[in-house]
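A.B. asks: fold the following for me, if possible:
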Amino acid sequence: MDLELRHLRIVRAVADAGSVSKAASLLGLAQPALTAQLKRIERALGGALFERDRHGARPTRLGELVLARARVLLPAAKELQDEAVRFAQAPSPSFRIGATNGPILGGLVDRLAAERKVSTYTSWSTYELNSMVELGRLDYVLTGACGDSGTPTGTLLWETISIDPVFLLVSEDHPAAREKEVSLADLADEQWAVTPGDGCFADCFAMACARAGFTPGTIYETDVPTCTHLAQVGRAVVLCQATHQAAPGLVMVPLEGVPLRWRQLLGRHPTAPEAEWVISQAKQAHRDAVRRSPVYSDWLVRNPGYGTTP
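C.D. replies: This is a model prediction of the structure:
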């Protein structure tokens, strides 16, 4: 016999009621029928789940284990059922999108919201967002990964939206601001700022610096406004995605030789609505962001093979 959710409900009912007879009454079953069902469940699980005497039924150690799992699985199954009903009864598809820090989320939301209801959730943690999609709490996750890293593992379906170089944001008074491109080796004495994340970017940056012959000094891992301020006052050089829109007082500068690359990824739940259309809108949002960046647009002319994926 395969274990089913209804079997876990029986086990939970006996434990909550404290006896088989009370559980049978609550479940609307005859006591002999419930007793027979409980014995079949115990045989399937390999041992007794309750110690039963004239005082009632008390869980055994095996019973405690099964109950602990049941109290997690049964609410989760109910939540899934309720969410599936809401999804099926929705008058038109809506999109729940999670994202890490990135410059194309706004464009994607703008495009989708023109025709559908959209809700968003942001986090620095790719792992958190991926888990929320796997659990059905989000439909899509817009995130990124270093150019040489693999696609995230799990049950999500992934699409590469773009492959972009990593550029620098520097103060307009910084010597690098006057350059078409700057070598990473020429920045060995700089302090750095970058937005946080739980991927491998920090390791990739350290390796790129090692190849350039130095170990990076101070690295401020902080939010976008703080990164921007540190660059504006000349306190740090900011590592940014090439589609980033530079704030006043800042200049975006390409790195010579593309020592760091970034892949924009769109992950989705297998049941996510209108996947092909959402993917196409994400790619168009990226193209729009490229057009708004003269530095990146000019760089792409000299460096084919990057930018929005076909």
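A.B. asks: any idea how far the strand or helix carrying residue 162 is from the chain center?
C.D. replies: Secondary structure assigned from DSSP states H and E places residue 162 in strand 157-171. Relative to the centre of its chain, strand 157-171 is centred 17 Å away, using Cα atoms, centre = their mean, to the nearest Å.
A.B. asks: over to stretch 271-287?
C.D. replies: Distance of stretch 271-287 from its chain centroid, counting by Cα atoms, centre = their mean, is 16 Å.
A.B. asks: by contact count, what packs against the strand holding residue 162?
C.D. replies: Here strand 157-171 touches helix 224-232, strand 237-241, strand 250-254, strand 261-268, helix 275-291, helix 294-302, strand 307-308, going by 3 or more Cβ pairs under 8 Å, 6 or more residues apart in numbering; DSSP states H and E. No exception for glycine: its C-beta is placed from N, CA and C like everyone else's.
A.B. asks: what are the contacting residues of the last one?
C.D. replies: Defining contact as Cβ atoms under 8 Å, 6 or more residues apart in numbering, one finds that strand 307-308 is touched by 161, 162, 163, 164, 283, 286, 287, 290, 300.
A.B. asks: cool, and stretch 205-219?
C.D. replies: 183-185, 188-194, 202, 236, 239, 259-260.
A.B. asks: could you rerun that using 7 Å?
C.D. replies: 184, 185, 188, 191, 192, 194, 239, 259, 260 (Cβ atoms under 7 Å, 6 or more residues apart in numbering).
A.B. asks: residue contacts, the third one?
C.D. replies: Translated: residue 188. Per Cβ under 7 Å, 6+ apart, neighbours of residue 188: residue 214.
A.B. asks: what about it, distance to residue 220?
C.D. replies: According to Cβ to Cβ, to the nearest Å, residue 188 stands 17 Å off from residue 220.
A.B. asks: picking up where we left off before, filter the contacts of stretch 205-219 down to the buried ones.
C.D. replies: 184, 192, 194, 239, 259, 260 (16 or more other Cβ atoms under 10 Å).
A.B. asks: show me which of the residues you listed is closest to residue 40.
C.D. replies: residue 194 (58.2 Å; Cβ to Cβ).
A.B. asks: my guess is that closest one contacts residue 221. True?
C.D. replies: Yes: contact criterion Cβ atoms under 7 Å: residue 194 and residue 221 qualify, at 5.9 Å.
A.B. asks: which SSE is residue 106 in?
C.D. replies: Going by DSSP H and E, residue 106 is in helix 105-113.
A.B. asks: centre of the chain to that helix, how far?
C.D. replies: 18 Å.
A.B. asks: residue 129 versus residue 144, what's the distance?
C.D. replies: Residue 144 is 11 Å from residue 129, where distance means Cβ to Cβ.
A.B. asks: quick one, helices of the stretch 51-200 of the chain?
C.D. replies: Assigned by DSSP state H, counting those that start in this stretch, the helices in the stretch 51-200 of the chain fall at 61-89, 105-113, 126-134.
A.B. asks: quick one: buried residues of the first one?
C.D. replies: Translated: helix 61-89. Under the neighbour-count criterion of 16+ other Cβ under 10 Å, helix 61-89 has 63, 66, 67, 70 buried.
A.B. asks: cool, stretch 97-107 as well?
C.D. replies: 97, 98, 99, 100, 101, 102, 103, 104, 105, 107.
A.B. asks: also stretch 108-120?
C.D. replies: Under 16+ other Cβ under 10 Å, the buried positions of stretch 108-120 are 108, 109, 111, 112, 118, 120.
A.B. asks: show me what contacts the second one?
C.D. replies: Residue 109 is in contact with 97, 118, 120, counting by Cβ under 7 Å, 6+ apart.
A.B. asks: the last one touches residue 95, doesn't it?
C.D. replies: No: counting by Cβ under 7 Å, residue 120 does not reach residue 95; the two are 9.1 Å apart.
A.B. asks: having no further points to raise, I will conclude here.
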